[in-house]
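Chemist: What would the 3D arrangement of this be:
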Amino acid sequence: MITFLFVTAVQLVQHRYDRVESKNLIPLLTQVLRFPTTNADPEAHKRQRSWLMSTAHDLGFAFRDTGKVVEVELPATGQLKPPPTLGLVVHGDVQPVDADAWSFPPFSGQVADGFVLGRGAADDKGPLVQALLAMAALKNSGVKRTHTIRLLVGSDEESGSTDMTEYLAKHAPPDYSLVLDSSFPVVVGEKAWNSLSVTTPLAERDASKPYAVTKLTAGLSTSIVPDNAELVLRWTSGAPDWSPLIDELAAFHMPVGTRLVTKADGDVIRIVAYGHSSHAGMNLEGGRNALVGLAGAMEGKLPAGGADDLLAFARIAGADLYGAGLDISDSDPLWGRYAINVATIKPDPDDPKKSTLTINIRRIPPRTGPQLEQHLKEFVAHFNSQHGAALVPSGFYEDEPLSFNPKGKLVRRLLRDYAAATGEKNPKPAISGGGTYAKRLPNSIAFGMWFPDKPYPGHDVDEKNPIADLERGERVLIRTLVDIATRPRIVDSFKP
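Modeler: Residues are numbered from 1 along each chain as shown. Have a look, this model is predicted:
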């Protein structure tokens, strides 16, 4: 009898969504994609927050602006006092973009060829709209709810990651939460997000070449595989003749998917490597690292000095994607291997004469953050002694892997819901290189909204989300909400 009622409830909610809410999926998503909510645009965050609260009002939800987090709430209709709360957690901020590299305006909110196009279409504004509409369909179906459903929309997940910490200082978390910012079917392990930075002045130590480095930059963000890297040289001795260097660079075989462009103008030459951006944790293999490509092309072509040292270190660290270049060979049957993204070179904010190379490292157990830090400090010291360099290491090692009990009640329920909604037989839990709010919110676990049968496009140039997958994700989320939010509270242990 219970199974029959559950199936009927799922059908009622899905039918309501198909008839009504589905018509709002594309309009709402294209609207929210037009807010350029990077960490550099606080005004866009304000406009999006107003849009979110207006949309919540129109859909019949209660909402609260708590500062960096907006709550959108659908109350329970059952008799439990107080009712348990199921959280749905997303973020409304996005990674920065290099608009010149995109084939369409990144914040235009377009639809083409069965895709919704724009920064955030997958990460994480698509899931934001999917959550709103799944909640609306449940509300309007008339199906009774044992749980309050509370959608939490964060605002700096892609940058400072302070929003959930500040929220929890004054607000109680939901009893358990689904973080809609990763992969299906359910993520039982998230690798640690660590980084190594090395800083040095760009100045030369000798005059072995008739030119000097005046600029070296690469990448947009630590969590994005860099799709461009730029080096500018100035001739310093006699009449400029760039032709030998240009010929050498033209003869160099760039890594697959990258290319090198040179432009000489008098005593200055600009050398730019182009690649393809991707998410450093979710789709590292899909990227084509322009910085590693530039480092390879410039080997032996620069005077000894800071710029050459940074590119040499990038070349070594980028020898593969999994840590071999940094003398890391860790692997695990469940967790896989490290993920290494040679990410950015930027001027040091405290000293414009210095530049910093930052490498993003997604770490697996059992090595700890302090152990990794010690290993990398020793690695940098050895590099310095071998190259006559003076790279100063720093980094971030406080994050640790997050793991869940793969046989826990909630994980098993989520796997069943995913299998029933998709028709997939015996889906297995996933491990993710991408860190989510599940690390910051107690009793929360990443659940979708990206399907594992195609590369993840978040953080990518020309980010887009298939409409068919948006609808498929709605079916999974609707079934899951009916399963959890209309039944008794789940009593579970999240930890292994």
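Chemist: which residues touch the worst-scoring helix or strand of the chain on mean pLDDT?
Modeler: Between all helices and strands in the chain, the lowest mean by mean pLDDT, DSSP states H and E belongs to helix 2-19, at a mean of 89. Here helix 2-19 makes contact (Cβ atoms under 8 Å, 6 or more residues apart in numbering) with 133-134, 137-138, 140-143, 474-475, 478-479, 481-483, 486-487. Backbone N, C-alpha and C define where each C-beta goes, glycine included.
Chemist: Can you select the buried ones from the residues you listed in PyMOL?
Modeler: Per 16 or more other Cβ atoms under 10 Å, the buried members of the contacts of helix 2-19 correspond to this PyMOL selection:
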select buried, resi 133+134+137+138+140+141+143+474+475+478+479+481+482+483+486+487
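Chemist: Tell me how far the least confident helix or strand of the chain lies from the chain's centre.
Modeler: Taking Cα atoms, centre = their mean, to the nearest Å, one finds helix 2-19 lying 33 Å from the centre of the chain it belongs to.
Chemist: can you list contacts of the next helix or strand after that helix?
Modeler: Proceeding N to C from helix 2-19, the next assigned helix or strand is helix 25-32, under DSSP states H and E. Residues outside helix 25-32 that contact it (Cβ under 8 Å, 6+ apart) are 48, 51-52, 55, 92, 109-111, 116, 118, 120-121, 125-126, 128-130, 132-133, 465, 467, 470-471, 474.
Chemist: Surely residue 285 and residue 320 touch.
Modeler: No. The criterion here is Cβ atoms under 8 Å, and residue 285 misses it with residue 320 at 10.9 Å.
Chemist: For the two, indicate the residue with more neighbours.
Modeler: For residue 285 versus residue 320, neighbours defined as other Cβ atoms under 10 Å are more numerous around residue 320 (13 against 10).
Chemist: Any chance you could give me the least confident helix or strand of the chain in CSV, C-alpha atoms only?
Modeler: Presented in CSV, the C-alpha positions along helix 2-19 are these (Å, rounded to 0.1, in the frame of the first residue of the first chain):
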residue,chain,number,x,y,z
ILE,A,2,2.8,2.4,0.9
THR,A,3,4.6,1.6,-2.3
PHE,A,4,1.5,2.3,-4.3
LEU,A,5,0.9,5.6,-2.6
PHE,A,6,4.5,6.6,-3.2
VAL,A,7,4.4,5.8,-6.9
THR,A,8,1.1,7.7,-7.2
ALA,A,9,2.6,10.7,-5.4
VAL,A,10,5.6,10.7,-7.8
GLN,A,11,3.3,10.6,-10.8
LEU,A,12,1.2,13.4,-9.4
VAL,A,13,4.2,15.7,-8.9
GLN,A,14,5.8,14.8,-12.2
HIS,A,15,2.5,15.3,-14.0
ARG,A,16,2.1,18.7,-12.4
TYR,A,17,5.7,19.7,-13.4
ASP,A,18,5.2,18.5,-17.0
ARG,A,19,2.0,20.5,-17.4
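Chemist: Could you measure from residue 45 over to residue 58?
Modeler: 20 Å (Cβ to Cβ, to the nearest Å).
Chemist: meant to ask about residue 162, not that
Modeler: 30 Å.
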